[in-house]
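> Dropping the sequence and predicted coords here.
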Amino acid sequence: MKHKNISTIIILVGILTSCNMKENKNQLESMSFEKGTFGYDLQFLQSKDSVIVLSNGDAHVIVSVNYQGKVFTSTANGLTGTSFGWINYEALNSNTIAPQINAYGGEDRLWVGPEGGQFSIFFKPGSEMKFENWQTPA
């Protein structure tokens, strides 16, 4: 009986949360924002990805679902505030995948190295170290 009550509460919270998210997304779609603002980037990324927005007051962070949890951008001043991340609109609008690297942008970055030299992880063992052979992990 206790497990049924907990399950019911979880389901209700999920329904209420999803309704609120849909309502917020519908409101956002009817608004327009200047390029460089968090709202602009949020609208753009929502058209490309199933993003998650983490919020605390006016502070927001956009986390990507499709791009392995990448933090694309954040702001400290709500939807009209400055977007702190870098977004490569051209790469995200492109339907091609580059052979060496796909720099979609983001605010967080963990770069594993070294990029070149005998211990490089970006070249297959024994291959010549030139750009044509360089490959960042997908």
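Good, I have the coordinates.
> Name the residues that touch stretch 114-127?
Contacting residues not belonging to stretch 114-127 are listed as 112-113, 129, 133-136 [Cβ atoms under 8 Å, 6 or more residues apart in numbering]. C-betas here are computed from N, CA, C, even on glycine.
> Any buried residues in that stretch, and which?
122-123 (16 or more other Cβ atoms under 10 Å).
> Quick one: end-to-end distance for it.
In stretch 114-127, first residue to last residue: 15 Å (Cα to Cα, to the nearest Å).
> and what of stretch 42-60?
End-to-end distance (Cα to Cα), stretch 42-60: 10 Å.
> For residue 45, which non-adjacent residue is closest in space?
residue 51 (5.0 Å; Cβ to Cβ, 6 or more residues apart in numbering).
> For the residue nearest to residue 79 when sequence neighbours are not counted, the count of nearby residues, please.
Closest residue in space to residue 79, ignoring its immediate chain neighbours: residue 39 at 3.5 Å, by Cβ to Cβ, 6+ apart. Neighbour count for residue 39, taken as other Cβ atoms under 10 Å: 19.
> try residue 83
For residue 83, the neighbour count with other Cβ under 10 Å is 24.
> Enumerate every residue touching it.
36-38, 40-41, 73-75.
> Distance of it relative to residue 131?
31 Å (Cβ to Cβ, to the nearest Å).
> Repeat that for residue 112.
Taken as Cβ to Cβ, the span from residue 112 to residue 131 is 18 Å.
> Could you do residue 44 as well?
30 Å.
> re the thing from before, name the helix or strand for the residue nearest to residue 79, please.
Residue 39 is part of helix 38-46, with elements assigned from DSSP states H and E.
> show me where this protein has strands.
Assigned by DSSP state E, the chain shows strands spanning 52-56, 59-63, 71-75, 86-87, 105-106.
> All good on my end, thank you.
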